[in-house]
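1. Sharing a sequence plus its predicted fold:
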Amino acid sequence: MCEVRWLPRALRWPCIGVLVASTVVATSVVFAVSAVAAVPGPPSAPVTPAPPVATSLTLAATPTSVLHGGTVTLTGRLQRVDTAAGTPGETVTVERRPKRTTTWTALTTVTTANDGTLDLNPHLSPHANTEYRLRHPATPFYGASTSRTVTVLVGVLLTARLNRTSMALGRTATITG
């Protein structure tokens with residue numbers, strides 16, 4: 001019987017010659033696994049892990065121009081470059097910056113769905129022309145990728161009211177709005 005001690009309980013499963021130790025570090029658990037051969041003999045060759053799979057991120061904004069106070073929906077997908085299959089369960093950061101600036105700010109992070117798509121709700125309401133992009137950090141399994149930049153233009157709606165519908169020549173009128 002092997003035993004993994006993880007407070008508040010221990011997990012057990014049958015195995016031969018495997019030693020598992022765990023250490024609690026902050027809020028995560030670090031496991032160390034050691035295996036002992038059931039039959040004596042030379043050690044097996046070291047295993048080299050496969051390199052991370054290259055990924056690509058797509059991003060779209062609908063609509064790409066709104067009036068001030070309007071909403072925009074961002075959609076995106078993280079996929080493998082080799083097969084175009086979506087990559088589920090990966091963390092992606094949504095970033096934004098005012099148009100014509102250079103500093104990106106993280107807006108939120110989302111987790112990809114089973115097909116690699118991103119649910120970026122609620123809808124965004126930019127107050128000025130804004131650029132958006134998606135970033136996926138490298139992991140042991142998938143490579144880093146950054147989407148293309150998508151620009152959303154924000155227009156201003158102006159209204160004006162005249163305090164008179166007609167007036168004599170030389171009189172003044174007030175326009176508000």
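-> Arrived safely.
2. Next up, the contacts around the residue nearest the centre of the chain.
-> By CA atoms, centre = their mean, the chain has its centre lying nearest to Val92, at 2.0 Å. Val92 is in contact with 57, 76, 78, 109-112, 118, 134-136, counting by CB atoms under 8 Å, 6 or more residues apart in numbering. Every residue, glycine included, has its C-beta placed from N, CA and C.
3. in the chain, what spans have low per-residue confidence?
-> Low-confidence segments of the chain, defined by pLDDT under 70, are located at 1-39, 122, 177.
4. Go through stretch 48-61 and flag the buried ones.
-> Along stretch 48-61, these residues count as buried under the neighbour rule (16 or more other CB atoms under 10 Å): 55-59, 61.
5. starting at the chain centroid, how far to that stretch?
-> 13 Å (CA atoms, centre = their mean, to the nearest Å).
6. that older thread, what about the buried residues of stretch 48-61, which are in helices?
-> If you go by DSSP state H, these have nothing in helices.
7. Show me what counts as buried in stretch 62-75.
-> Of the residues in stretch 62-75, 66, 70, 72, 74 count as buried by neighbour count, 16+ other CB under 10 Å.
8. Which residues are in contact with the closest residue to the second one other than its chain neighbours?
-> Here the nearest residue to Gly70 in space, its sequence neighbours aside, is Ser125; by CB to CB, 6 or more residues apart in numbering that works out to 6.8 Å. With contact set as CB under 8 Å, 6+ apart, Ser125 has these partners: 69-72.
9. So Ser125 versus Met167, what's the distance?
-> Relative to Met167, Ser125 is positioned 40 Å away (criterion: CB to CB, to the nearest Å).
10. Quick check: beta-bridge partners of the residue nearest to Trp104 when sequence neighbours are not counted?
-> Once flanking residues are discounted, Trp104 sits nearest to Glu95: 4.3 Å by CB to CB, 6+ apart. In this structure, Glu95 bridges to Ala106, Arg133 when assessed by DSSP bridges.
11. quick one: Glu95 and Arg135 touch, right?
-> Yes - between Glu95 and Arg135 a contact is recorded at 6.1 Å, counting by CB atoms under 8 Å.
12. Can you give me the domain boundaries for the protein?
-> The chain breaks down into these domains under automatic domain parsing: 2-35, 55-155.
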